[in-house]
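Engineer: Provide a 3D model corresponding to the input given below.
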Amino acid sequence: MKLKIFENNIIIEKYPYPPSKIFPSAIIHPSNIDCIVKGLNFPTIRTKDGEFIIFYESRPDINILKDYANLNKIRKTNYINIWSLILDVFLDKKHTKEDNERNLEILEKAGLERNKVIEIRKEINYMMLSYNFGSGLWEFAYLDMIDLLDACIGKLNAGTELSNEKFSKFYWEIMKIQDIGKIEKYPNHSNLNH
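Structural biologist: Numbers count the residues shown, from 1 in each chain. Here you go, the predicted model:
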């Protein structure tokens, strides 16, 4: 989705995730934006409803979003990319025990228990393997929340997507889990970086 701003509002068109409050399209007024999210791979906003909206076709437009935030006095908040750490095990690369342990430690420091991470990985295992490998994507560097959302709707992995009922529940769990990564919640946040 591309970042579009018109008359000081963010315009959402063809948002592909049905559980979202902005599905399939919406106009987001600055007063409905909690913050501009820093630390994720794409320009992202967090709404006051706790939803992360990722402009995955707008990486070059990050400065436009920053200017928009400044103009509208919207705060910018640093986040750890929680989902990239969880999904790291689904990348097409050699996985070492040390790398996995480091990721688990970062996630624990952020407030996500090790057992919960393992449980999440088991729940999404088949779907994410199908998304990255069964589809022929073979991503080796980076998977994050947008990839998980796309896997949930079967964008590259038709037949392994979640049912509408499961996705309706899991969508908001995805948002809550990413919100754990809000760095300003931690007094010594430098320990959370990898």
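
Engineer: Spatially central residue in this protein, please.
Structural biologist: The centroid of the chain falls nearest to Met145 when counting by Cα atoms, centre = their mean (3.0 Å).

Engineer: From Leu87, how far off is that one?
Structural biologist: Distance, Met145 to Leu87, by Cβ to Cβ, to the nearest Å: 8 Å. Glycine gets a C-beta too; all of them are placed from N, C-alpha and C.

Engineer: which non-adjacent residue is nearest Lys176?
Structural biologist: Excluding the flanking residues, the one nearest Lys176 by Cβ to Cβ, 6 or more residues apart in numbering is Gly50, at 7.1 Å.

Engineer: How about the backbone phi and psi for that neighbour?
Structural biologist: The phi and psi values for Gly50, taken as degrees, to the nearest 10, are phi 90, psi 20.

Engineer: Retrieve the pLDDT associated with it.
Structural biologist: Each residue has a pLDDT score; the one for Gly50 is 98.

Engineer: can you check the one 4 residues further on too?
Structural biologist: Listed pLDDT for Ile54 reads 93.

Engineer: What residues does the residue nearest to Lys176 make contact with?
Structural biologist: Taking Cβ atoms under 8 Å, 6 or more residues apart in numbering, we find Gly50 in contact with 34, 172, 175-176, 179.

Engineer: That one and Asp61, how far apart?
Structural biologist: Remark: distance between Gly50 and Asp61 (Cβ to Cβ) = 23 Å.

Engineer: Could you do Ile180 as well?
Structural biologist: 27 Å.

Engineer: what about the two, which has more around it?
Structural biologist: Higher neighbour count among Ile180 and Asp61: Asp61, with 18 against 15, using other Cβ atoms under 10 Å.

Engineer: wait, the more buried one sits on Ile5?
Structural biologist: No. Between Asp61 and Ile5 there is no contact under Cβ atoms under 8 Å: 9.3 Å.

Engineer: Give me the domain ranges for this protein.
Structural biologist: With domains defined by automatic domain parsing, the chain comprises 5-78, 82-192.

Engineer: avg pLDDT for the last one?
Structural biologist: By that I understand domain 82-192. For domain 82-192, mean pLDDT rounds to 93.

Engineer: now what about whichever strand or helix holds Met127, what contacts it?
Structural biologist: Met127 belongs to helix 114-129 when assigned by DSSP states H and E. Residues from elsewhere that reach helix 114-129, judged by Cβ under 8 Å, 6+ apart: 86-87, 89-90, 104, 107-108, 143, 147-148, 151-152, 157, 160-162, 177.

Engineer: Show me which residues of the longest strand along the chain are buried.
Structural biologist: Among the segments of the chain that qualify as a strand by DSSP state E, the longest is strand 33-38. Residues 33-37 are the ones in strand 33-38 that count as buried (16 or more other Cβ atoms under 10 Å).

Engineer: starting at the chain centroid, how far to that strand?
Structural biologist: Distance of strand 33-38 from its chain centroid, counting by Cα atoms, centre = their mean, to the nearest Å, is 13 Å.

Engineer: List the strands paired with it, with their directions.
Structural biologist: Using DSSP bridges, strand 33-38 pairs in its sheet with strand 44-47 (antiparallel), strand 76-78 (parallel).
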